[in-house]
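Participant: following is a predicted model, sequence given first.
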Amino acid sequence: MSAGESTRVDCHIKVLNDRVVEYARRAGIDVLVYAPHFKRLPEIRERAAAYSTDAVQVIPAREVFTGSWQDRKHVLAIGLEEPVPDFITLEGAMAAFDRQDAVVLAPHPEFLTVSLTESDIREYRDVIDAIEIFNPKHLPKHNRRARKLASQFELAPFTSSYAHLPRSVGVSHVEFGCSIETEADLVEALQTNERRRVVYDNGRKRWMTTASEIGHLVYENTWEKVDRLLLSGTEPTHPDHIFYEGKFDDIAVY
């Protein structure tokens, strides 16, 4: 990609395989940000590198679950140098991101019970780099509310396919007015408010994506959740896991 080119970025996907990369290529997406649930940063980095191609660059990220299952808030971080676990306080997570000068994004704000609220955004206004103003899981009223929050707090916008299913990739993206080839390039574009355009499909593909992704959301928060909580034991990204060497014990919620 030569200097001065624009770059299309899907700022948040949950699933990554050959089909996802092919869907992205067909849709003209240049960069995918891969942030799966309950995967450690080194594993995410390895998988992102394995699926990056000349046409589609995959950049690793973490969507951290702050708080408890009953009151969890998702925060998306890009550019982390050190792992940050789930199930820590929101204050602790924001401090960890800030120490690493990572990009901090607010995905699906005020959506259900898994998102940053208006008061959270107000409190961490100086840490948050951008707010998601379109998410295909949202109904129109949720996207309108998200746009209002971005305007209210004068925060830059972003969007994503939030793809849990491969065919969702391509429904939305951010077009940056610069070349983005690396994780560092994307971090700089997001932190410097590089010129951008939020693009999304609001037709048949968007509503098909919404229906299928909401169906997946129902599954993810019922049987899969019960299996994870009752049968799977400690998650790899739990702060008590030996991988984190006790560094987050003072801000763990479990």
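Facilitator: Yes, it's here. Residues are numbered from 1 along each chain as shown.

Participant: CA atoms for contacts and neighbours, from now on please.
Facilitator: Will do.

Participant: need the nearest residue in space to Gln191, chain neighbours excluded.
Facilitator: Asp129 (6.1 Å; Cα to Cα, 6 or more residues apart in numbering).

Participant: contact partners for the residue nearest to Ile88 when sequence neighbours are not counted?
Facilitator: Nearest-residue entry for Ile88: Ala252, 4.3 Å, with adjacent residues in sequence omitted and distances by Cα to Cα, 6+ apart. By Cα atoms under 8 Å, 6 or more residues apart in numbering, Ala252 lies in contact with Phe87, Ile88, Thr89, Pro239, Asp240.

Participant: where does the first one fall, phi/psi-wise?
Facilitator: Read it as Phe87. When quoted as degrees, to the nearest 10, the phi and psi of Phe87 stand at phi 60, psi 40.

Participant: mind starting the numbering at 21 from now?
Facilitator: I'll keep to 21 as the first residue from here, and by that count the last item is Phe107.

Participant: which pLDDT value belongs to it?
Facilitator: On the pLDDT scale, Phe107 is placed at 94.

Participant: that one contacts Ser88, correct?
Facilitator: Yes - contact status for Phe107 versus Ser88: in contact at 5.9 Å, counting by Cα atoms under 8 Å.

Participant: more neighbours: which of the two?
Facilitator: Neighbours per residue, other Cα atoms under 10 Å: of Phe107 and Ser88, the larger number sits with Phe107, 24 against 15.

Participant: please list all residues in contact with the more buried one.
Facilitator: By Cα under 8 Å, 6+ apart, the contact set of Phe107 is Val84, Phe85, Thr86, Gly87, Ser88, Arg92, His258, Pro259, Ala272, Val273, Tyr274.

Participant: over to the nearest residue to Tyr144 once chain neighbours are set aside: give its phi and psi.
Facilitator: Nearest non-adjacent residue to Tyr144, counting by Cα to Cα, 6+ apart: Met114, 7.9 Å away. For Met114, the backbone dihedrals (degrees, to the nearest 10) come out as phi -60, psi -40.

Participant: neighbours around Met114, how many?
Facilitator: By other Cα under 10 Å, the residues close to Met114 number 18.

Participant: check the one 10 residues further on too.
Facilitator: Under the neighbour criterion other Cα under 10 Å, Val124 is assigned a count of 25.

Participant: what do Phe107 and Ser88 both touch?
Facilitator: Counting by Cα under 8 Å, 6+ apart, the residues touching both Phe107 and Ser88 are Val273, Tyr274.

Participant: what ranges do the strands span in this protein?
Facilitator: Ranges of strands in the chain, per DSSP state E, are 27-33, 51-54, 77-86, 93-98, 123-126, 150-154, 176-179, 192-196, 216-220.

Participant: let me know which of those is the nearest to Leu61.
Facilitator: Proximity to Leu61 (Cα to Cα) singles out strand 77-86 among the strands of the chain, at 6.9 Å.

Participant: fine by me, we can end here.
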